[in-house]
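*Asks:* Show me the folded form of this:
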Amino acid sequence: MSLSIGLLTILTGLAIMGFGLFMFYAWLPVFYALVGFDVGILLGRALTGDAGTTAIVLGIAGAFILGVTSYVLEPYRRVLLGVSGGILFGLSVSSAFGLDVWLGGFFGRIFALVCGAIGSLLMPRFFDIFVIAASAVSGAAMVLIGANHILPGVRLIDPAAGGALPSLITIILAAAGMGWQRHNIAKWVQVLPTGHGVSESSVEDRK
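*Replies:* From the prediction side, this is the model:
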């Protein structure tokens, strides 16, 4: 169980970290489902202290709810992504940097809600940049969380016991994810079925 949850967390984290913007335009429901799954896993982990059955149930529920909602609330997809992406960012960062233990775990949840509110405000103005940054950082944090779940005794990837190294690894992975997405925007536009939806400024930055 621990191995499967850890691997799922790592794989979904890598997908979001490296292809967040691409998946939004190409496979919208899949992207929302991945975000919902990771949010559910992190919520379950925050509530129970372990990524067990409760986390899996919440992850599946989150994937289903956000995947369906992306169709039902079509005019508000970007705001929905701002809120859900912000919450995922807050939960991921809190867990990866060991902030979720502050105030008995209360700080992490409040931080996630604040990030969700900020995300809803930033999304309409800085859509592509927001998606790239939030997905890269959240995905990187999820990768580290999954690795720590598989190998809990390794201090290098343990936010609670590894000091600054786990945070540094998360930052490096996030930077790599942002660089990868920024580097490939122009290529993705040519193969996306709705490639014209990617902001022209983002493409021009890569030319």
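*Asks:* mean confidence score for whatever helix or strand Arg182 lives in?
*Replies:* Per DSSP states H and E: Arg182 is located in helix 165-191. Within the predicted structure, the mean pLDDT of helix 165-191 is 85.
*Asks:* Point out where this protein drops to low pLDDT.
*Replies:* Per-residue confidence of the chain (counting by pLDDT under 70) places the weak regions at 1-2, 48-52, 74-75, 100-105, 159-163, 191-207.
*Asks:* list the contacts for the residue sitting nearest the centre point of it?
*Replies:* By C-alpha atoms, centre = their mean, the chain has its centre lying nearest to Ser138, at 3.5 Å. If you count contacts by C-beta atoms under 8 Å, 6 or more residues apart in numbering, Ser138 has them with 13, 16-17, 38, 85, 88-89, 92-93. From N, CA and C alone the C-beta is placed, and that goes for glycine too.
*Asks:* same check, this time on Gly59
*Replies:* Counting by C-beta under 8 Å, 6+ apart, Gly59 touches 36-41, 44.
*Asks:* Any idea how many residues pack against the nearest residue to Ala96 once chain neighbours are set aside?
*Replies:* Leaving aside its chain neighbours, Ala96 sits nearest to Ala141 (3.6 Å; criterion: C-beta to C-beta, 6 or more residues apart in numbering). Using other C-beta atoms under 10 Å, the number of residues around Ala141 comes to 31.
*Asks:* by how many degrees do whichever strand or helix holds Ala141 and helix 165-191 diverge?
*Replies:* Using DSSP H and E, Ala141 falls within helix 127-150. Note on geometry: by axes from the mean of the first three to the mean of the last three C-alpha atoms, to 10 degrees, helix 127-150 and helix 165-191 are set 130 degrees apart in direction.
*Asks:* Okay then, goodbye and thanks.
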